[in-house]
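Student: Provided below are the primary sequence and the corresponding predicted coordinates.
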Amino acid sequence: MSLLTSLIRASTQFQQAMEKRQTPATGSEASATRAQGKPAEVEPTAGDDRFTPSENRTSDLARLKSRKLSMVDYKQTVGQDLAFVRETLRHKLAEYNLHPATALNVSKDENGGVAVAGNLAEKTRALIEKDLNVNKNFKDAFSRLSVNEPTLHFMDNALKLNQAYGVNNPLLDTLISDNQQFNGLQDLVHRYDTLRRSASAEQIPAAGNSRAYAFNLNTRA
């Protein structure tokens, strides 16, 4: 558990560091720095023990591993389920003569079934909910989304920050196997879910919770 806690703490520090990097220093802060003669950044020297080759090699290896991830393939796989769920809900709106912009929220109920919420009559809502619960293809696609999409969202954000600032997210590094054969989407989802189950969802801000996952049609929520 200590290793997991360290990874989570490092990941949180990574997110905070990114936020600070995006916030430019004010004029007074910059002036104060110049007045004190402190450079904005200190370049490492050959005799500076604070910068070790091993740390650089570790960072390089992690960056190389992340570059091998098939993000395009992952997004295509998740995108197929997203499109199917979205189109199924749109057809339901049309089937019950509802306005195509009607907002719907689909989530999992306590028994693992599909729960529907939205600004519509209770009788219609119940009918749509019943239809979706007997639609095996819809339930399977929604179940996959509940675990795949949050994982992909975390990975995509971590990689974008990596490319923008050259800083690795240690939590992402633990998900990626050195053997590319074990970096399929389901492999990564399994590792991600294992980390989430080992800690509370609050400890991993970007973590997905399949039970709390919800798909929103025609809403920004």
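Tutor: Looks like it arrived, so ask away. Residues are numbered from 1 along each chain as shown.
Student: name the element residue 219 belongs to?
Tutor: Here residue 219 is covered by no helix or strand, with elements defined by DSSP states H and E.
Student: Would you confirm that it contacts residue 103?
Tutor: Yes: contact criterion C-beta atoms under 8 Å: residue 219 and residue 103 qualify, at 4.3 Å. C-beta here means a position set from N, CA and C on the backbone, and glycine is covered the same way.
Student: Which helix in this structure has the most residues?
Tutor: Taking DSSP state H as the criterion, the chain has its longest helix at helix 136-165.
Student: That helix: which residues count as buried?
Tutor: 138-139, 141-152, 154-155, 158-159, 161-162 (16 or more other C-beta atoms under 10 Å).
Student: pLDDT score assigned to the residue lying closest to residue 109 once chain neighbours are set aside?
Tutor: Nearest residue to residue 109 in three dimensions, chain neighbours excluded: residue 115, at 4.1 Å (C-beta to C-beta, 6 or more residues apart in numbering). Per-residue pLDDT puts residue 115 at 96.
Student: part of a helix, is residue 115?
Tutor: No: applying DSSP: H, G, I helix; E, B strand; the rest coil, one finds residue 115 to be strand, outside a helix.
Student: Would you check how far apart it and residue 148 are?
Tutor: Applying C-beta to C-beta, to the nearest Å, the value for residue 115 to residue 148 is 20 Å.
Student: quick check, residue 107 in a strand?
Tutor: Yes: the assignment for residue 107 is a strand, going by three-state DSSP.
Student: for it, what are its contacts?
Tutor: Counting by C-beta atoms under 8 Å, 6 or more residues apart in numbering, residue 107 makes contact with 114-115, 117, 212-215.
Student: Among the residues you listed, which one lies nearest to residue 182?
Tutor: residue 213 (24.8 Å; C-beta to C-beta).
Student: just to revisit the earlier point, quick one: name whatever helix or strand follows the longest helix of the chain.
Tutor: Going down the chain from helix 136-165, the next helix or strand is helix 170-175, by DSSP H and E.
Student: so where's the chain shaky on pLDDT?
Tutor: Scanning the chain for pLDDT under 70 picks out 1-68, 199-211, 220-221.
Student: 90 instead, please
Tutor: 1-71, 110-112, 119, 154-155, 157-181, 183, 191-213, 219-221 (pLDDT under 90).
Student: Now do the helices in it.
Tutor: Under DSSP H, the chain gives helices at 2-21, 27-35, 53-67, 71-95, 122-133, 136-165, 170-175, 185-198.
Student: Next, the distance between the ends of stretch 94-114.
Tutor: The stretch stretch 94-114 measures 19 Å between its terminal residues, going by C-alpha to C-alpha, to the nearest Å.
Student: Go ahead and confirm residue 168 touches residue 161.
Tutor: No: between residue 168 and residue 161 there is no contact under C-beta under 8 Å: 9.2 Å.
Student: on that earlier part again, pairing partners for the residue nearest to residue 109 in the sheet, please.
Tutor: Beta bridges link residue 115 to residue 107, judged by DSSP bridges.
Student: Looks like it contacts residue 106 (just checking).
Tutor: Yes: under the criterion of C-beta under 8 Å, residue 115 makes contact with residue 106 at 7.2 Å.
Student: re the thing from before, what's the burial count for the residue nearest to residue 109?
Tutor: Residues within reach of residue 115, counting by other C-beta atoms under 10 Å, total 16.
Student: ok, now how distant is it from residue 135?
Tutor: 14 Å.
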